[in-house]
Every structure is written in structure tokens, then in C-alpha cells.
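Asker: Here's a sequence, model it:
(chains A and B)
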There are 2 protein chains.
Amino acid sequence: MVESAPVLAAGSAGTVETQYLDLPAPVPLDCGSALYPVRVAYETYGELSPARDNVILVCHALSGDAHAAGTSKAPTDSARDGFGAADSDGTAGQGLGWWDGMIGPGKAFDTDRFFVVSTNLLGGCRGTTGPSSIDPATGAPYGPDFPVVTVADMVRTERAFLDALGIERLAAVAGGSLGGMQALEWAVRYPDQVDAVIAIASTHALHPQGLAWNAIAREAIRRDPAWQSGRYYGTGHGPDAGLGIARMVGHITYLSAPALDQKFARRLQYADDIRYTIDEPEFEVENYLRHQANTFVKRFDANTYLYTSRALTYFDLARGHGSLERALAGVAARTLLIAFSSDWLYPPQASRELAQALRSLGKEVELEVIDAPYGHDCFLLEEARQTPIIRRFLADERTP
Amino acid sequence: MVESAPVLAAGSAGTVETQYLDLPAPVPLDCGSALYPVRVAYETYGELSPARDNVILVCHALSGDAHAAGTSKAPTDSARDGFGAADSDGTAGQGLGWWDGMIGPGKAFDTDRFFVVSTNLLGGCRGTTGPSSIDPATGAPYGPDFPVVTVADMVRTERAFLDALGIERLAAVAGGSLGGMQALEWAVRYPDQVDAVIAIASTHALHPQGLAWNAIAREAIRRDPAWQSGRYYGTGHGPDAGLGIARMVGHITYLSAPALDQKFARRLQYADDIRYTIDEPEFEVENYLRHQANTFVKRFDANTYLYTSRALTYFDLARGHGSLERALAGVAARTLLIAFSSDWLYPPQASRELAQALRSLGKEVELEVIDAPYGHDCFLLEEARQTPIIRRFLADERTP
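Answerer: Numbering: from 1, shown residues only, chains lettered A, B, ... in the order given. Got it, this is the predicted structure:
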């Protein structure tokens, strides 16, 4: 075990620019078709070792993008406000990556040691091919003609992308929420090519209430007439109303009830009394929700929300294997699972089930349940408490 | 203490018909204006005693109506499917009232003993004056010109309605959720006229997460272009899409996550595998949500939803009093509070705070927290377990 560096002696990944790579061949998809062309947006932090054995792939969540760390050269629409409360707490600086607190020199994913690669996922709207990309068959955006992609398809795309970069093995793959699903899928799909998996605030299969929240969010988009069956591109109006509702639902599921108590209580927006209004926000939490919705629709594509939400509901490691244990039978990577006590969207129980299944197979697995009050958003907010756990776990890795 | 009758020896309140009464005078409102005319839809079960001292007023929740018990002569649109899972469980018979399991001969609210009165609340859409009623000033439906009413306004209307019936005192006032808020408001507003209060799955002030869910539901309606700023009556299309989303959000908050696990798990709608669809329901829980939304919009008015949701978020017994204790200082009624362990929309904690405040004032209060898995819907589903508690509590009442 290597002694970890002090957590707070951590620097910035620096100024970064999102890059783009066109994959050389079609990506085969679970639905039976294949997608071509596929462009992947990505960023890298740190230096690739001569042996190319110090690569960590970081996978983002539903509304994230490739800009995971450092300061963007185009700082206006950082993905960091793509999650829960992180933005409104004022913790996001100008153009900082969504996991900037975790990736950099001396940080959890230490760029003095590792070459960290972050991509926008397949189906995304931030540079990687998705429903808003041009369909070469028509010359117009795919819209609803984009194939329904899965977490496995996202991982296949990441695999093809790393191949194109000349990277064969991963020292680790890591992510939170949907990003953790991708990390788990990597461990199952490419067992010989991943040394370690870090899945945070994630699950092997979302529970029914999580399915329901996602269904409601998608319905809010689909029922907005401006969605136009998904063909809103170029019409001058998209389903901002529905996407805003989806975002509001998301926000409340990302936070815990006690966190909302602490953050807003029942404080009113104006003066000491109510104003008798149906239209206007009256409580602070109402104003907060509207603000979050309005900010989000400016930077995110509604169809990408639909496709990504669908993919994370479909994700079920056991499907097609008969059981979770059988699905995990081939896993060779060491696994670190981190869950948060107050996360009711991705509750610790799923991580316990995963840990139990891996242990029963004799696999190396560590489960850390962090007692923290902020709900699912903890994976973005509780950087200081995740950092020593991740550094220690990665220190066990063969040193590059 | 009177021995309670066996719970299961319970009959039906019989065939009932909703009646209507026009109040003789304007109802003064918290917002400063007054409303006239006001019609109240109501039903009664049992017989009024000669001394008029056996009256129980039952107050309904957000989407209920006056048809609380028995079989309606117009059975097509029972309010019983106005709540959570009760309908889809097949527990609702043809035209049965929403609390039929609780009101009738030998039931919790025993119509062999009590004269039970149920009204549709002010602002409603099921016979009592609300935003879909005709504004005498214009000859058209009020729509957004309907005044923003509060729980206190609902209770003032109930008071005026009972006056018109010649009923001065209540042996008890009872309700669940928003109905419980009305019961509590009765105890504070008319302390000399209420002998007992039964507030079930309710609160003195909804917590911030509850405010948020209600705000999201209202925003879903308001953002639907078919809402037309509330003036959709007679246009041939209303905000069904938005109201459906509001209903879906409601449903999930009425149920607990374990109840959803038990009811749906991750079962797929068709066959054994996913179909790769963004548009169609894939999981059973997704289909359930769509069904609930489609059923609800056929029987409920979107503006009433907005006004009623707003009223229940405004409700805060302590507002204007400085503290909950001061608000409750004048309460003379005995109070029964029932809460359910799995209710995360109206958690037991609020009932504990109420009980503590009443006890600190030396008031007579009983708190029962029922350990049951179905969430907020328990107040409609757990009839068998509420019945002996309520019968015992009411048996302490001076016998009429």
C-alpha cells in the first residue's frame, strides 16, 4: 500500500480544450444496427506513459460531457452545472469541468500519475454523435431516427475510441451514476482490458421508482408539442417546457429531503407573507427549480435526454445472463464501489448487492458507503471524502 | 372507554347522490376579497340526531370530491381513483366513494351512530364553486380570475355550508392529507365548535421537498400551451399533457419505493427482452403511469389542480402566530393524529411535531404511527388498521 498524498495539496488540470475524433469503422449496436460515422468528443488530462499503461477512462452521467476537469477554453457552458446542486451552490467556477475536484495533480484521479481520458457518451449532444447530429442518409439531424442506444453501445464506442488512440488497456475506468454503469459494463464486456473499476453512486439495475422518475421526465419532453415527434431541429422552437420539467424532476431526485430542508426550508421569495399567486414562484425552492430548468434548456438537447434516460433505464447487468453472479463471472478487474447514505435515486443497497455478488465469486471488491446528507449529488459534492478512498484504491494498482 | 365493534362487521353507506347547496352570503377569503355565489357539493351518510350533535365532517384530499362513501347513482367517475394506487389495485368498485372502507354502518366512521357529511372543497371541480365555475361578472368560467384560495378559505366555506344546514357543532372533523390540513385548521379557527379532530397522513406545513413536487406538478400544467394561461374552457382542448405529468409525479410521491418494487419490480411490458423504443412504455411501471395520467385527465380540471396544490403548499399553521404552539394555543378539541411509517410525502415527523406542540400545551392528543409499506396512499389503503384506532378514539366522545 502506497501512502497517499495529502488530499488538499491538489492543483488544476489546467486549461483544456475539447477534441474530436472520428471513429474509423461503424459501431455495432445492441439493437442490431450499426452507426457510422461516429465522432467522439474528448478531453485528456496528464501524460500518457511510454508503456501506455496509466490510462483512466472517466465516464459521465446523464447530462454531463467530455469536459470533466480543468478550465475550458470555451468556458460559457461548463457541464459542471449539469448536475444537481453543484452549480447553484456556487462551487462551479468559470468553465470548470464537472469533476474538477476529483481530477488533477494530487487529486483523486492524480494527473501526475495517470493519463485521464474523458469522452462525451454516444447519443450525447456535446460533440459526440447523437440525435442532433447529421444523419448522412438524409443530410438532416437524426432526431427520432437515431438508433436507441444502450450503455453497452456507449462502452463499445469508448472501446473503439481508445483503440483509435492506440490505447489497449485501462488502468481504471471510473464514473458516477450512469457513468458508473458504463464502468461496470466495461468490467463485464472487456474483462481482460480493465485493471480496476470505480463505480460511484451507481447500480447494476435501476429500481422501479428510478424507472418511474425517468419515465416522467421523458413523458414531459414527449408531451411538449414543441418536441414535434423529435424533429424540432431547425424549426426555431424545441421542447424547452418539457425539458425544463424533466430537469426539475431530476434535481429533486438528486437531492435528499433533508438537504432541501437545509438549503431552502419553507422560506418565501418575497417579504414575510404569501402573495396569493398561482403563476409566480412563492417559495425559494420554487424559484430555484425554475432557474435550474431555464439554465439547463440552454445547454442541453432534449432528444439526447430521451435517449440517455432510456439507456440508463434499460441497463441491467443480469439481463441475458440469468443472474447478477453469472453476469459478473468473468470480471477480472478489482472493483471499488462508493455509495452515499442519503442517495435515494441510487441507494447503497444496489452497491451492496453488487459487492455481495462479486465477493461470492471470489472477486476483489471494496464497498464504501459514505454517510453524507446531499443525496445522489454527493458523488459531485463529496470530493474530499471520496478522494482518500480512491487514491488508496488506485495506489494498490501496479505502478506505471 | 367503549368496546369497539368488530372491524369486519361493516356495511355500505348505501346508494347516495351528490347534493348541492348555494350559500346565502359571500365567503370572505384570506386574499382580501370575497366570493359569491358559492355552491357546495355534498353528500351525507347516516342520520342527523335530533340534538344535531352527531355530525362528523369528512374533508377530502387534492383530487377527491364529495363522494366519500357508498355507491354513487352516477357511478362513472368515482373519486376513489383520485388517489395513488387505490384504483389500479382493483379495490375500487363501481362508483364507490373514495373512503368507502372507512364510512358506513360499523365502519371507522360509523353511520349507525354518526351523521357523516362530506363536501367538495372550495376551488374544486366536482360541484363546488371553483375556477371552472361561471364568473357572474363575465358570464364565462373564472379560469385564472378565480381568487387564490387557502385551506382557511376552504374551512370558512365548510363552516358556512354547515350553518346553512343548521349544524352548529361538529362531533369530529376528519381527513387525510390536504383533508387533514382542513381538519387541523378547523380546530384552530373554530375551537368552540369542534369536539374532536382526526388528521391522517397530514402536516401543519408541507416540507420543502413536498413544496417542490407540487411546484413541478403545477409547472407541468402551466407550461402546457393548451393551458392557455388558464382560459382553456370552451376551446376544445385543455392541458391534458401537463395535467397528466402532474398526476404521474403525484402517483410516485403517494407510493413508497418498496411498494413500487413489490408492485412492478423491473418487469417488462412485453416478452422477455427490451424492444429499443423511446416512445412506447417498456416497463410495467411506465405503462401504469400513462394509464393513471390518461384516466385522471378525463375527470379532473387542471385549474382546480393548480389552485388546490397552491393552497396545500401555502398551508402553515404557524404562519402569523410566531410558532406552532401559539397557533394551537386555543385548540379545545381532542386530537387524533395518524401517520404511516413509509409516507415520505407527509412523513410521521410532522405529526410528531404537532403532537409534541399539543402536549406541551396540555391538550389531549393521541398519535398513532402505523408501520405500513404503501407510502402516503396508506391513508386510503390501510383501512383495517385505522378503523379500530378511530373507533376507539370516537368512542371516547360524548355519546349523542
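Asker: Chain A: helices as residue ranges?
Answerer: Counting by DSSP state H, chain A has helices at residues A:151-165, A:178-189, A:208-222, A:240-254, A:257-264, A:284-299, A:302-314, A:324-328, A:348-360, A:378-381, A:383-395.
Asker: could you redo those as JSON lines and give each row mean neighbour count?
Answerer: Placement of C-beta: from N, CA and C, glycine included. Output for the helices of chain A, formatted as JSON lines (neighbours: other CB atoms under 10 Å in any protein chain shown):
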{"stretch": "helix A:151-165", "mean neighbour count": "22"}
{"stretch": "helix A:178-189", "mean neighbour count": "27"}
{"stretch": "helix A:208-222", "mean neighbour count": "25"}
{"stretch": "helix A:240-254", "mean neighbour count": "26"}
{"stretch": "helix A:257-264", "mean neighbour count": "18"}
{"stretch": "helix A:284-299", "mean neighbour count": "19"}
{"stretch": "helix A:302-314", "mean neighbour count": "25"}
{"stretch": "helix A:324-328", "mean neighbour count": "18"}
{"stretch": "helix A:348-360", "mean neighbour count": "19"}
{"stretch": "helix A:378-381", "mean neighbour count": "28"}
{"stretch": "helix A:383-395", "mean neighbour count": "19"}
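Asker: looking at the ones you listed, which is closest to B:R359?
Answerer: The closest of the helices of chain A to B:R359 is helix A:257-264. By CB to CB, the value is 23.3 Å.
Asker: Show me which parts of stretch A:22-30 are buried, residue by residue.
Answerer: Counting neighbours by 16 or more other CB atoms under 10 Å in any protein chain shown, one finds that the buried residues in stretch A:22-30 are A:L23, A:V27, A:L29, A:D30.
Asker: can I get the CA coordinates of it in PDB?
Answerer: Only the C-alpha atoms of stretch A:22-30 are listed here, as PDB (Å, rounded to 0.1, in the frame of the first residue of the first chain):
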ATOM      1  CA  ASP A  22     -13.900  10.300 -36.000                       C
ATOM      2  CA  LEU A  23     -14.000   6.500 -35.500                       C
ATOM      3  CA  PRO A  24     -12.700   4.600 -38.500                       C
ATOM      4  CA  ALA A  25     -15.400   1.900 -38.500                       C
ATOM      5  CA  PRO A  26     -19.100   1.600 -37.700                       C
ATOM      6  CA  VAL A  27     -20.100   0.900 -34.100                       C
ATOM      7  CA  PRO A  28     -22.200  -2.200 -33.800                       C
ATOM      8  CA  LEU A  29     -25.300  -1.600 -31.600                       C
ATOM      9  CA  ASP A  30     -27.400  -3.800 -29.300                       C
END
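Asker: how about stretch A:337-347: buried residues?
Answerer: For stretch A:337-347, by 16+ other CB under 10 Å, it's A:L337, A:I338, A:A339, A:F340, A:S342, A:D343, A:W344, A:L345, A:Y346, A:P347.
Asker: how long is that stretch end to end?
Answerer: End-to-end span of stretch A:337-347 (CA to CA, to the nearest Å): 12 Å.
Asker: Show me what the mean pLDDT comes to for that stretch.
Answerer: What stretch A:337-347 shows for mean pLDDT is 98.
Asker: From the chain's centroid, how far away is it?
Answerer: Stretch A:337-347 sits 15 Å away from the centroid of its parent chain (CA atoms, centre = their mean, to the nearest Å).
Asker: Also stretch A:213-230?
Answerer: Remark: stretch A:213-230 is offset 21 Å from the chain centroid, using CA atoms, centre = their mean.
Asker: Can you check the distance spanned by that stretch, start to finish?
Answerer: Across stretch A:213-230, the straight-line distance between its terminal residues is 20 Å, by CA to CA.
Asker: quick one: which of the buried residues of stretch A:22-30 sit in strands?
Answerer: Taking DSSP state E, the ones among the buried residues of stretch A:22-30 that sit in strands are A:V27.
Asker: got the buried residues of stretch A:22-30 as CSV, with distance to chain B and pLDDT columns?
Answerer: As requested, the buried residues of stretch A:22-30 are exported to CSV (distance: CB to the nearest CB, whole Å; pLDDT from 0 to 100):
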residue, distance to chain B, pLDDT
A:L23, 21, 98
A:V27, 15, 98
A:L29, 9, 98
A:D30, 7, 98
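Asker: Mark out where each domain of chain A begins and ends.
Answerer: Taking automatic domain parsing as the criterion, chain A consists of the domains A:15-207+A:316-395, A:211-303.
Asker: Quick one: closest of those to B:L206.
Answerer: Each of the domains of chain A has some distance to B:L206 by CB to CB; the shortest is domain A:211-303, at 7.9 Å.
Asker: tell me which residues form a beta bridge with A:A199?
Answerer: A:A199 has these beta-bridge partners by DSSP bridges: A:G175, A:L337.
Asker: isn't it right next to A:W186, touching?
Answerer: No: under the criterion of CB atoms under 8 Å, A:A199 is not in contact with A:W186, lying 9.7 Å apart.
Asker: between the buried residues of stretch A:337-347, which is nearest B:L289?
Answerer: Comparing the buried residues of stretch A:337-347 against B:L289 with CB to CB places A:L345 closest, at 17.0 Å.
Asker: Just list the residues touching the closest one, thanks.
Answerer: Contact analysis of A:L345 by CB atoms under 8 Å, 6 or more residues apart in numbering or on different chains lists A:G210, A:W213, A:T253, A:Y254, A:G375, A:H376.
Asker: cool, A:R223 as well?
Answerer: Applying CB under 8 Å, 6+ apart to A:R223 gives the contacts A:G242, B:D224, B:A241, B:G242, B:G244, B:I245.
Asker: From the opening residue of stretch A:48-66 to its closing one, how far?
Answerer: 18 Å.
Asker: Buried ones in that stretch, by neighbour count?
Answerer: Buried residues in stretch A:48-66, counted by 16+ other CB under 10 Å: A:48, A:52-66.
Asker: show me where the stretch 1-150 of chain A has strands.
Answerer: Under the criterion DSSP state E, counting those that start in this stretch, the stretch 1-150 of chain A contains strands at A:15-16, A:19-22, A:27-28, A:34-35, A:39-45, A:55-59, A:71-72, A:103-104, A:109-110, A:115-119, A:134-135, A:140-141.
Asker: Taking the contacts of A:R223 together, which two end up most distant?
Answerer: A:G242 and B:G244 (11.8 Å).
Asker: can you tell me how far the residue nearest to the spatial centre of chain A sits from chain B?
Answerer: When CA atoms, centre = their mean is applied to chain A, the residue found nearest the centroid is A:A61 (1.3 Å). According to CB to the nearest CB, to the nearest Å, A:A61 and chain B sit 19 Å apart.
Asker: Same check on A:Q386?
Answerer: Taken as CB to the nearest CB, the span from A:Q386 to chain B is 25 Å.
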